[in-house]
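Enquirer: Please find the sequence and the predicted model below.
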Amino acid sequence: MESYKATSMKTIPLEYDGLQGHSFAVMVAADRRTQSTDGGLVAKLTTAITARLVENAGATGVVPPQKILELQYATPGWAAINYQEMCETLGVDRLIIVDLYEYRLNEPGNAFLWDGQATAQVGVIEAKSALGDDYVYSKTVSVHYPDGSGYGPADMPLNVVAQHLQQRLIDRVTWLFFDHEEKYYMDY
């Protein structure tokens, strides 16, 4: 049985089904330190998460990531805007907030070894919810890369570490919103 599990997949059910039949927008927030480390990170994550959800979550409408990014860059104080107002401004039923509060490629103070870590709070606001600006669904997701220790720039370049870390984060965020297949023993 263990041999079977080691080479097999299992279906994991979604955790939040409120995107089905509704319109949505994805907003990614990251602190200035993270954005200065990887200036395109917010745009990459916003675009990839939105595309994956459009493809798999059964939503009826979406605000294109370019419009979200334009709003965020044109309105530096966007994070202070009431979420219900943001839903009205964007014309969506659901607002997905991905608050990326940890993102690093190596351990602080050690630029010689890769130790990528990304952690985000994923929350969903439902327009016209009785909860107002409180999340109707919320979960913290955390991923790492590489899987082992002792890897440095001589073993793999920075862009490989960043790409794998970001893909793992995108997987974990989007998998909350649709049924998906995972290996029985996932690396992340």
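Expert: That came through, no problem.

Enquirer: what's the least confident helix or strand in this structure, going by average pLDDT?
Expert: The weakest-scoring helix or strand in the chain, judged by mean pLDDT, DSSP states H and E, is helix 2-6 (a mean of 77).

Enquirer: Residue 143 reaches residue 170, doesn't it?
Expert: No: Residue 143 lies out of contact with residue 170 (CB atoms under 8 Å); the separation is 9.3 Å. Bear in mind the C-beta positions are built from the backbone N, C-alpha and C, glycine included.

Enquirer: where in the chain is pLDDT low?
Expert: Counting by pLDDT under 70, the chain shows no low-confidence range.

Enquirer: can you map out the helices along it?
Expert: Shown for the chain, the helices assigned by DSSP state H span residues 2-6, 32-37, 41-56, 65-74, 83-90, 158-174.

Enquirer: Any chance of those in a markdown table with distance to residue 17 as columns?
Expert: A markdown table is the format used below for those (distance: least, CB to CB, whole Å):
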| stretch | distance to residue 17 |
| --- | --- |
| helix 2-6 | 27 |
| helix 32-37 | 30 |
| helix 41-56 | 12 |
| helix 65-74 | 23 |
| helix 83-90 | 18 |
| helix 158-174 | 14 |
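
Enquirer: Out of those, flag the one nearest residue 117.
Expert: The stretch from these with the least distance to residue 117 (CB to CB) is helix 158-174; that distance is 7.8 Å.

Enquirer: got the angle between that closest one and helix 41-56?
Expert: Taking axes from the mean of the first three to the mean of the last three CA atoms, to 10 degrees, one finds helix 158-174 and helix 41-56 inclined to each other by 50 degrees.

Enquirer: Any chance you could list what contacts helix 158-174?
Expert: Residues external to helix 158-174 that are found in contact with it (CB atoms under 8 Å, 6 or more residues apart in numbering): 38, 41, 44-45, 48-49, 52-53, 56-57, 98, 100, 103, 105, 114, 116-118, 120, 122, 141-146, 188.

Enquirer: and that helix, how far from the chain's centre?
Expert: Counting by CA atoms, centre = their mean, to the nearest Å, helix 158-174 is centred 9 Å from the centre of its parent chain.

Enquirer: rewinding a little: now do the least confident helix or strand of the chain: distance to the chain's middle.
Expert: Chain-centre distance of helix 2-6: 30 Å, with CA atoms, centre = their mean.

Enquirer: Output that helix in CSV with nothing but the alpha carbons.
Expert: Below are the C-alpha coordinates for helix 2-6, written out as CSV (Å, rounded to 0.1, in the frame of the first residue of the first chain):
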residue,chain,number,x,y,z
GLU,A,2,2.8,2.4,0.8
SER,A,3,4.4,1.7,-2.6
TYR,A,4,1.1,2.6,-4.2
LYS,A,5,0.7,5.8,-2.2
ALA,A,6,4.3,6.9,-3.0
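
Enquirer: list the buried ones in it?
Expert: Applying a neighbour-count criterion of 16 or more other CB atoms under 10 Å, one finds nothing buried in helix 2-6.
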